[in-house]
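Student: sequence first, then the predicted structure:
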Amino acid sequence: MSAAAPQTWDEFMEGVWKQNPTFVMILGMCPTLAVTVSAVNAISMGLATLLVLIASCGLVSMMRKVTPKEVRIAVYIVIIATFVTAVDYAIQAISLALYDALGAFIQLIVVNCIILGRAEAHAAKNPPMPAMINAAGMGVGFTIGLLALGVVREILGAGTLFGITLFGAGFQPWVIMVLPPGGFFVLGGWLLLFSWMARRKQRALTVGSDHA
Amino acid sequence: MNQPLIEIRSAPHVQAAKTVETIMRHVVYSLLPICAFYVFQYGISALASIVVVTAACLLTERFFVRTGTQAGRLSDYSAVITGLLLALTLPPGFSLWMGAVAGIVAIALGKALFGGIGFNVFNPALVGRAFVQAAFPTAIATYTPSFLAGRFTEFIPSSLAWPLMIPADTAAWLKAKNLDALAGATPLAKWKFDGVIANADELLTSLSGHMAVGPAPALILICGLYLAARRFMDWRIPLAILGSAALTAWLLFAFDPVRYPNPFFMLFSGGLILGAVYMATDMATSPVTPKGMWVYGALIGLLTVVIRYYSGLPEGVMYAILIANAASPLIEKITQPVPFGRGALDRARKRATYPLNPGYISREEASAVTPKKRFLPKKPKK
């Protein structure tokens, strides 16, 4: 058990950091840019995707031996659509306001390439437990990515964070941040930051090896 | 016998020791009278705006040059031009913190992101302005009348907003000065929303009354003439822009004089002259082929008039120039001049890009090696 633990943790962190769907693989851009107007929207979109991802990857993995290869994509889509419908109704029951804010993007989780990609690349080749851990890591990574965008866009676009006013009543909202271009700017900003960090790390590594 | 020596050199044949720094410095010189007139119109608010925006541009440039992400130097004056032009396109009472945001975005998004001077696709000043236009649509449409009494001792209240805060309302301030809110509307906004057309001669000098306009178009044209005469700027682009804008406006005016204003109003209102002389002529973002300059200018003039007439915005110069900037590599490609010796009637080969292709020029250097075209091996079928 103790020998298996680090590997499981690696499997999980793979999606959170190394293969982060938003910042490294640049997948699922449609919800990323569309619903991250506020932090609450971002986090609920992320959680909805996380739930669908775990459940569908688990089921795909369980059925991997009985799924005919020729119709596997159709099978995955039906499985994913089932869970998306469940999540769709759940969100509608929990908060109608949130449901309206997220709009069609909950249903569009069906065609989110992160989920289909995970099902095809990982869940279809691995037993249920690793598949679900990997899916959870991906889902958490996606949620973190959405949250990173949502926080910046909400602070600049409305002067609030999770609905709490930060700057008082006289705040001048940056209208562009709640418009689609704002999503591109913030995403670009985060990508720049991460690539700068990666390059710095790379440089530190090469300099270190030169000295040694 | 003294044989005259003929020195044979390969292209490009540079005639004068004209550096980027010289050109940029002279553009700054020619902008100074315009800035002075702007300060004369709007007082210390305009001065503060120019200083803050230019400082923001210079500091951002300094940061990106320092971190090595951008080519060029601070002393090449290009960031100063960006700052001055950006300040001239913003309303005089634009909050200083918003002006600083515009300056930072102009250099960071418009220039540093592409690799610095000479690499930018869009005019940096207009990128900054487009950003704040989208971010603060109310503030950027709030103009104040020029030549107000006490403009050298008192700031326009909206200038001095705290960072991130909504600027003070200028309408109440104008009321205290016994001016109605309409006095703060630009001539273009008055035409678009109220159907009032200002006289062309008033617009040309922008001296009469309390018109809410930028610096005088006549002054900008004179400064532009200086630049064109010294060959720091190509005269084709401004001429093409003004010509095509005037022609389009005149055709529409001839078609329906009641609905459309006269072409002179179109030419001298708003930022068309400033845009045509100083922004569209940015060397990095406009075509270098003579024919391409005409096409590029004509596109800007046409788009400006079309946007002004048929869109919700009163002003269209900014978007017209940005669109033409995006189109200029394409324009360059289709307006390649015929190489010397090929004959005027002999059309250039399709996709013949050698006069401008850097690979072609560098082939003359002894050390340069022309990269051979490599074909990827075909993947074996599974």
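Tutor: It's in.
Student: helix or strand with the lowest mean pLDDT in chain A?
Tutor: For chain A, counting by mean pLDDT, DSSP states H and E, helix A:4-13 ranks last in confidence among helices and strands (a mean of 76).
Student: check contacts around B:Arg62.
Tutor: Listed by Cβ atoms under 8 Å, 6 or more residues apart in numbering or on different chains, the contact set of B:Arg62 reads B:Leu74. Any C-beta I mention is one placed from the backbone N, CA and C, and that applies to glycine too.
Student: same thing but at 10 Å, please
Tutor: Neighbouring residues of B:Arg62 by Cβ atoms under 10 Å, 6 or more residues apart in numbering or on different chains: B:74, B:79, B:107.
Student: please apply the same query to B:Leu239.
Tutor: Contacts of B:Leu239 (Cβ under 10 Å, 6+ apart): B:228, B:276, B:293-294, B:297, B:301.
Student: do you know the pLDDT at it?
Tutor: The per-residue pLDDT reported for B:Leu239 equals 94.
Student: only whichever of the contacts of B:Arg62 are buried, select them in ChimeraX.
Tutor: A single ChimeraX command suffices to select whichever of these are buried according to 16 or more other Cβ atoms under 10 Å in any protein chain shown:
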select /B:79,107
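Student: list just the nearest of the contacts of B:Arg62 to A:Ala131.
Tutor: B:Ile107 (47.7 Å; Cβ to Cβ).
Student: now render the contacts of B:Leu239 as CSV, adding neighbour count, distance to B:Val121 and secondary structure.
Tutor: As requested, those are exported to CSV (neighbours: other Cβ atoms under 10 Å in any protein chain shown; distance: Cβ to Cβ, whole Å; DSSP: H, G, I helix; E, B strand; the rest coil):
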residue, neighbour count, distance to B:Val121, secondary structure
B:Ala228, 18, 25, helix
B:Ala276, 30, 20, helix
B:Met293, 26, 17, helix
B:Trp294, 19, 21, helix
B:Gly297, 27, 18, helix
B:Gly301, 30, 21, helix
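Student: tell me the contacts of the residue nearest to the spatial centre of chain A?
Tutor: By Cα atoms, centre = their mean, chain A has its centre lying nearest to A:Phe142, at 1.7 Å. Each residue near A:Phe142 by Cβ under 10 Å, 6+ apart is listed here: A:15-16, A:20-23, A:25, A:27-28, A:31-32, A:45-47, A:49-50, A:53, A:112, A:114-115.
Student: measure it to A:Arg153 for me?
Tutor: 17 Å (Cβ to Cβ, to the nearest Å).
Student: then B:Tyr143?
Tutor: Distance from B:Tyr143 to A:Arg153, by Cβ to Cβ: 30 Å.
Student: these two: which has the busier surroundings?
Tutor: Between B:Tyr143 and A:Arg153, counted using other Cβ atoms under 10 Å in any protein chain shown, the more crowded position is A:Arg153 (26 against 22).
Student: what is the burial count for the residue nearest to the more buried one when sequence neighbours are not counted?
Tutor: Take A:Arg153 and drop its neighbours on the chain: the residue closest to it by Cβ to Cβ, 6 or more residues apart in numbering or on different chains is A:Met177, 4.9 Å away. For A:Met177, the neighbour count with other Cβ under 10 Å is 21.
Student: now the closest residue to chain A within the stretch 201-350 of chain B: phi and psi?
Tutor: Across the stretch 201-350 of chain B, the shortest distance to chain A (Cβ to the nearest Cβ) belongs to B:Leu322, at 13.1 Å. Main-chain dihedrals, B:Leu322, degrees, to the nearest 10: phi -60, psi -40.
Student: mind listing the strands for chain A?
Tutor: Taking DSSP state E, the strands of chain A run over residues A:160-161, A:164-165.
Student: mind checking which helix or strand B:Glu61 is in?
Tutor: Element membership of B:Glu61 [criterion: DSSP states H and E] is helix B:44-66.
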